[in-house]
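Chemist: with the input below, show me the fold.
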Amino acid sequence: MNFFLKLYSCTRSAENDENVPFKNNWDIFWFCLVCVCLIFTSILTYYALVLYNNLDDINTFLFETLPFGWTNWYLVILIFALITVLYICFIQGSGTFHFMKEKSISLFFFNKIIVLFALAFCIGYCVAFSELYSENFDLASLSIHLLLPIFHIVFLAVWILLLLVLLNIPILLHSKTINHAVYGLYACLVLVLIILPFIFSNPCVSSSLNPKPLIIGHRGCPSNAPENTLLSFEKAIGCNVFALETDVRLSSDGIPFLMHDRSLLRTTNVADVFPFRMNDPAERFTMSELQQLNAGNWYLRSNPFMQNHMLTSNDISLIKEQSIPTLDAYVRLAQSSSKSIIFDVIMPPSDHANRTNFKNIIVKTILDTGIDQSNVLWLNNGPLNLTELGAPNFTLISSKFIPHASSLGIKGLNLPYSKISDETAKEATVPIISYVINTYWLYSLLWCDGVWATTSNYPCSLVPYERPIFSLTPLQFDAIWLSLDAFFLVCVIVVAYYYRYNIYFLRNLFYHNSHICGTETPETSDDITMISQ
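Modeler: Next comes the predicted model:
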């Protein structure tokens, strides 16, 4: 406890203490800056937690952008945010305690450095990601849209704690002007908090529930096995997904294979086998060269989804044996399990021998397996004449929003979650697939928005859910939050009355004793502080 009290600063000596918390304007500045820093770091921490949905995308993006090799940057940011917000919270608590006791305080120099560094990091992080990876900000706004009721509960609890702080600040006990201004502002903000859940619409508050979205394994089940490997697809099939998603490229000798990245560096040992070609496009390799690469060991080394502690010894053995699969093997695996397939077709480099007919090669490879054409979902950036490719019964899925898609032969839309809302789902004339959905809250939001299917890196985690978060009827929602608001108001009134009654009682007691002892009624800050104590 003593350490906590001295975390903000050491109180000045008694002979210099005039019961004034701030000796100069710099003390006030630093106290306010700590408050601002606490708000910023709290937002950053929440933001980091929400970004778990984009864990793999962030790490992959930074792997391709920075020259440091593979690093779990998401985990670094999350740990830094948690440690920083906890430390700033302790500093703020210590400073607030000294302020309530009217102790003279001055922020330690070390704490000033921490505060400035934390603020700089928060601002730099937001600026950098707004320029390089702005989709993350869409994720944060979507989370607030759905999780506002949870924020409401947290804000109500914080506001009760704030009331306890205000009631213990001596200056508010004897200055009517400041007292009325502070508590007037407090009352206005209380009113805003009470009506907050009713201002913003929540798509999950509805009298009817949309059908549960189907689950598509994004590159298989990469949370449990290396992405785009046969083992990953087998794991997804074991979770009873609707379809298997992948990315198809063409080797230099014209054989379709599965690979998401432009190069082989992240997901294979190409740096060991072909060190002078490790940054070459994947399409520059023949299929026999691709088969020489190991596509599993990187997964054990990098632990990209922080799930490797759940792997069994048999899983580890199978992962070590994985290689880059061909499109033919992928399609036959899906066919044997009666699963649909959905894939991006990546155009080969400009100097590739099959750049002009790569789609025909891919279609022929698929048709040769004998798979039911209706189970093939072909992703394309807009309309495409599948009949000319010899696959009239393939299901065409557009990668961009088209208002009258059905009239163009498009059977579905594949859109990022940031582009989907309840209005978008209603405007679309065909089913919508959303990607990439890795958390229950985001899956719930899209469920309530009415999407047909979602693509996920964690298909085995999403399949068991039977209802979205906050799936309530309007009547249930209103009853719950009005009850919480009423309970909050009762707590505020009880706390305020308790403190007011105690101060009134102690004032009268002090006044009674002052007549007996011949002293006057307390009027100074020192007297009020003594009464409070």
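Chemist: going forward, measure contacts between C-alpha atoms and count neighbours the same way
Modeler: Noted.
Chemist: what is the subsequent helix or strand relative to the helix or strand containing residue 379?
Modeler: If you go by DSSP states H and E, residue 379 is part of strand 376-380. Following strand 376-380 in sequence order, the next helix or strand is strand 395-398 (DSSP H and E).
Chemist: in its sheet, what does the helix or strand just after that next one sit against?
Modeler: Remark: after strand 395-398, the chain's next helix or strand is strand 412-416, criterion DSSP H and E. Paired strands of strand 412-416, with direction, are strand 395-398 (parallel), strand 432-435 (parallel) (DSSP bridges).
Chemist: packing partners of the helix or strand that the last one is followed by?
Modeler: This means strand 432-435. Following strand 432-435 in sequence order, the next helix or strand is helix 440-449 (DSSP H and E). Helix 440-449 is packed against helix 135-166, helix 422-427, with contacts defined by 3 or more Cα pairs under 8 Å, 6 or more residues apart in numbering; DSSP states H and E.
Chemist: what does helix 440-449 contact?
Modeler: 142-143, 146-147, 203-204, 209-213, 417, 420-422, 425, 434, 437, 454, 462, 467-469 (Cα atoms under 8 Å, 6 or more residues apart in numbering).
Chemist: please repeat the previous calculation with a cut-off of 7 Å.
Modeler: Helix 440-449 is contacted from outside by 146, 203-204, 210, 212-213, 421-422, 425, 437, 462, 468-469, using Cα atoms under 7 Å, 6 or more residues apart in numbering.
Chemist: narrow the residues you listed to just the buried residues.
Modeler: Burial by neighbour count, judged by 16 or more other Cα atoms under 10 Å, picks out 146, 203-204, 210, 212-213, 421, 425, 437, 462, 468-469 from the contacts of helix 440-449.
Chemist: which of those sits closest to residue 265?
Modeler: Closest to residue 265 out of the buried ones among the contacts of helix 440-449 is residue 437 (25.4 Å), distances taken as Cα to Cα.
Chemist: OK, contacts around the closest one?
Modeler: Residue 437 sits next to 53, 443, 454-456 when contact means Cα under 7 Å, 6+ apart.
Chemist: quick check: the farthest pair among those residues?
Modeler: Pairwise distances across the contacts of residue 437 (Cα to Cα) peak at 13.1 Å, for the pair 53 and 454.
Chemist: how about low-confidence regions in the stretch 401-533 of the chain?
Modeler: The stretch 401-533 of the chain contains residues with pLDDT under 70 at 422-423, 500-533.
Chemist: now swap in the stretch 201-350 of the chain and tell me
Modeler: In the predicted model, the stretch 201-350 of the chain carries no residue with pLDDT under 70.
Chemist: kindly recompute the last result at 80.
Modeler: Applying pLDDT under 80 to the stretch 201-350 of the chain picks out residues 201.
Chemist: returning to that earlier point: redo the buried ones among the contacts of helix 440-449 as JSON lines? Include distance to residue 293.
Modeler: Conversion of those to JSON lines gives the following (distance: Cα to Cα, whole Å):
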{"residue": "146", "distance to residue 293": "44"}
{"residue": "203", "distance to residue 293": "47"}
{"residue": "204", "distance to residue 293": "47"}
{"residue": "210", "distance to residue 293": "45"}
{"residue": "212", "distance to residue 293": "39"}
{"residue": "213", "distance to residue 293": "36"}
{"residue": "421", "distance to residue 293": "42"}
{"residue": "425", "distance to residue 293": "43"}
{"residue": "437", "distance to residue 293": "30"}
{"residue": "462", "distance to residue 293": "32"}
{"residue": "468", "distance to residue 293": "42"}
{"residue": "469", "distance to residue 293": "43"}
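Chemist: and which of those residues is nearest to residue 309?
Modeler: Distances from residue 309 to the buried ones among the contacts of helix 440-449, taken by Cα to Cα, are shortest for residue 462, at 19.6 Å.
Chemist: report the separation between the closest one and residue 345.
Modeler: Distance, residue 462 to residue 345, by Cα to Cα, to the nearest Å: 27 Å.
Chemist: circling back: which stretch in the helices and strands packed on helix 440-449 is the model least sure about?
Modeler: Note on those: helix 422-427 shows the lowest mean pLDDT, a mean of 71.
Chemist: once you drop chain neighbours, what's closest to residue 282?
Modeler: Using Cα to Cα, 6 or more residues apart in numbering and skipping the chain neighbours, the partner closest in space to residue 282 is residue 263 (5.0 Å).
Chemist: out of the strands paired with strand 412-416, which is closest to residue 243?
Modeler: With respect to residue 243, and counting by Cα to Cα, the nearest of those is strand 432-435 at 11.5 Å.
Chemist: pull the number of nearby residues for residue 404.
Modeler: The local packing of residue 404 (other Cα atoms under 10 Å) involves 13 other residues.
Chemist: same question but for residue 187, I mixed them up
Modeler: Neighbours of residue 187 using other Cα under 10 Å come to 12.
Chemist: what about it, which helix or strand?
Modeler: Using DSSP H and E, residue 187 falls in helix 176-199.
Chemist: swap in residue 348?
Modeler: Counting by DSSP H and E, residue 348 is part of no helix or strand.
Chemist: quick check: closest non-adjacent residue to it.
Modeler: Leaving aside its chain neighbours, residue 348 sits nearest to residue 355 (5.5 Å; criterion: Cα to Cα, 6+ apart).
Chemist: for that neighbour, helix, strand, or coil?
Modeler: Here residue 355 is recorded as coil under DSSP: H, G, I helix; E, B strand; the rest coil.
Chemist: my read is that it contacts residue 346, right?
Modeler: No. Residue 355 is beyond contact range of residue 346, at 10.2 Å (criterion: Cα atoms under 7 Å).
Chemist: pLDDT averaged over stretch 373-385, what's the number?
Modeler: 91.
Chemist: so which bits of that stretch are buried?
Modeler: 373, 375-380, 382-384.
Chemist: can you report how many residues neighbour residue 451?
Modeler: 27.
Chemist: any idea how far the closest residue to it other than its chain neighbours lies from residue 414?
Modeler: Closest residue to residue 451 apart from its sequence neighbours, by Cα to Cα, 6+ apart: residue 432 at 5.1 Å. Distance, residue 432 to residue 414, using Cα to Cα: 6 Å.
Chemist: strands along the chain, start to end?
Modeler: Per DSSP state E, the chain carries strands over the ranges 214-218, 243-250, 256-258, 340-345, 376-380, 395-398, 412-416, 432-435, 453-456.
Chemist: these: which one's closest to residue 285?
Modeler: With Cα to Cα as the measure, strand 243-250 is the member of these nearest residue 285 (9.2 Å).
Chemist: what lines up beside the closest one in the sheet?
Modeler: Strand 243-250 is paired, per DSSP bridges, with strand 214-218 (parallel), strand 256-258 (antiparallel), strand 340-345 (parallel).
Chemist: what does the second one contact?
Modeler: Residues outside strand 256-258 that contact it (Cα under 7 Å, 6+ apart) are 228, 246-251, 324-327, 362.
Chemist: how far away is the residue nearest to residue 225 when sequence neighbours are not counted from residue 245?
Modeler: Distances taken as Cα to Cα, 6+ apart place residue 232 nearest to residue 225, at 4.8 Å, with adjacent residues excluded. For residue 232, the distance to residue 245 equals 11 Å [Cα to Cα].
Chemist: need the overlap of contacts for the two.
Modeler: Common neighbours of residue 232 and residue 245 (Cα under 7 Å, 6+ apart) are residue 220.
Chemist: those two: who's more crowded?
Modeler: Taking other Cα under 10 Å, residue 232 and residue 245 do not tie; residue 232 has more neighbours (24 against 21).
Chemist: that one and residue 217 touch, don't they?
Modeler: No. With contacts counted by Cα under 7 Å, residue 232 stays clear of residue 217, the gap being 8.9 Å.
Chemist: tally of neighbours for residue 74?
Modeler: Neighbour tally, residue 74, other Cα under 10 Å: 20.
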